[in-house]
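>>> 3D model of this:
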Amino acid sequence: MEAVIAIVALLFVLFVALGAYATVKVVGAAKRGVDRTITQARRTVEDHTLRAKSFAQVGPAGELAQLRLKLRTSMRATQDALQASVAEDESLKESVGLFRRLSAHGHELDGELKRLEAEPDRAKLAERLPGLRERTERITQSADALRWAARDRAHRFADDDLDTLSAQIDVESGALRHWTKTEPAATPPPWPEAADAGPGQQTWPETPRSRTAEEPTRPAITPPGPRPTYPWQKKPRPESTT
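Okay, the predicted model is just below:
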């Protein structure tokens with residue numbers, strides 16, 4: 001009885017542990033989903049705000065918003081392209097590592113541009129704009145180069161696979177339509193030349209078939225010959241006339 005109670009208690013503890021583990025996993029997945037949704041929503045709102053500032057504001061403030069929007073758009077597009085391609089092409093792992101190093105510079109520049117948006121000294125801000133513009137161009141050009149290289153590589157593999165597939169389909173189509181090919185007709189054998197047998201006569205050279213036709217017909221079975229007589233055999237008696 002005590003053993004049964006221990007087994008039931010152990011099963012109960014096991015079920016409780018499994019339920020707690022499943023609850024933690026579900027809550028964690030939901031939390032990650034909520035965080036991802038909040039991050040995407042915050043990013044979308046910030047992008048729309050920057051786009052509005054770039055059109056509404058003039059001077060250094062508007063240019064800062066344009067630089068931030070350009071930087072964020074380029075880096076996000078490259079990140080999405082590399083993450084989508086690295087799952088199918090493992091050779092892009094090195095490119096992903098290079099992009100991570102580039103992302104560190106991009107985040108640093110984005111944070112600096114964001115802090116400068118609240119800078120009250122517009123003259124000082126105007127002096128720093130050329131350097132900020134140059135850094136933004138270098139980072140976005142590097143990100144664009146990685147993105148387009150990954151896309152060109154994917155397109156190249158797709159084109160090669162399509163060429164191979166088209167060649168295989170052409171071969172299979174030809175094999176399926178084999179009855180459409182016209183086979184050359186068999187050429188009949190030439191007639192033998194005529195041999196002169198005399199004036200006004202013409203004979204054909206002998207062929208095995210004609211020679212066989214001229215030979216006399218042999219009997220299929222040889223007729224039996226006279227049987228030999230032996231001394232121990234009795235002479236046949238004459239038949240009586242009575």
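>>> make it CA atoms for all contacts and neighbour counts henceforth
Will do.
>>> Tell me where the chain has helices.
Assigned by DSSP state H, the helices in the chain fall at 2-56, 60-86, 93-116, 122-176, 208-214.
>>> so where's the protein uncertain?
1, 29-43, 45, 47-48, 53-56, 58, 179-189, 191-242 (pLDDT under 70).
>>> coming back round to it: so which of the helices of the chain is nearest Pro190?
Closest to Pro190 of the helices of the chain is helix 208-214 (CA to CA; 16.5 Å).
>>> Enumerate every residue touching Asp144.
Ser74, Thr78 (CA atoms under 8 Å, 6 or more residues apart in numbering).
>>> how far away is it from Arg72?
According to CA to CA, to the nearest Å, Asp144 stands 12 Å off from Arg72.
>>> Common neighbours of those two, please.
Taking CA under 8 Å, 6+ apart as the criterion, Asp144 and Arg72 do not both touch any residue.
>>> hang on, the earlier thing: of the helices of the chain, which stretch is the most buried?
Each of those was given a mean neighbour count from mean count of other CA atoms under 10 Å, and the largest, a mean of 18, is that of helix 60-86.
>>> other SSEs contacting that helix?
For helix 60-86, the elements it packs on are helix 2-56, helix 93-116, helix 122-176, judged by 3 or more CA pairs under 8 Å, 6 or more residues apart in numbering; DSSP states H and E.
>>> In JSON lines, list the ones you listed along with distance to Leu64.
Converted to JSON lines, the helices and strands packed on helix 60-86 look like this (distance: least, CA to CA, whole Å):
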{"stretch": "helix 2-56", "distance to Leu64": "8"}
{"stretch": "helix 93-116", "distance to Leu64": "6"}
{"stretch": "helix 122-176", "distance to Leu64": "8"}
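>>> Looking at the ones you listed, which is nearest to Gly62?
Minimum separation from Gly62 across the helices and strands packed on helix 60-86 (CA to CA) falls at helix 2-56, 4.6 Å.
>>> follow-up on the earlier one: with distance to Pro190 as extra columns, can I get the helices of the chain in CSV?
As requested, those are exported to CSV (distance: least, CA to CA, whole Å):
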stretch, distance to Pro190
helix 2-56, 89
helix 60-86, 70
helix 93-116, 75
helix 122-176, 36
helix 208-214, 17
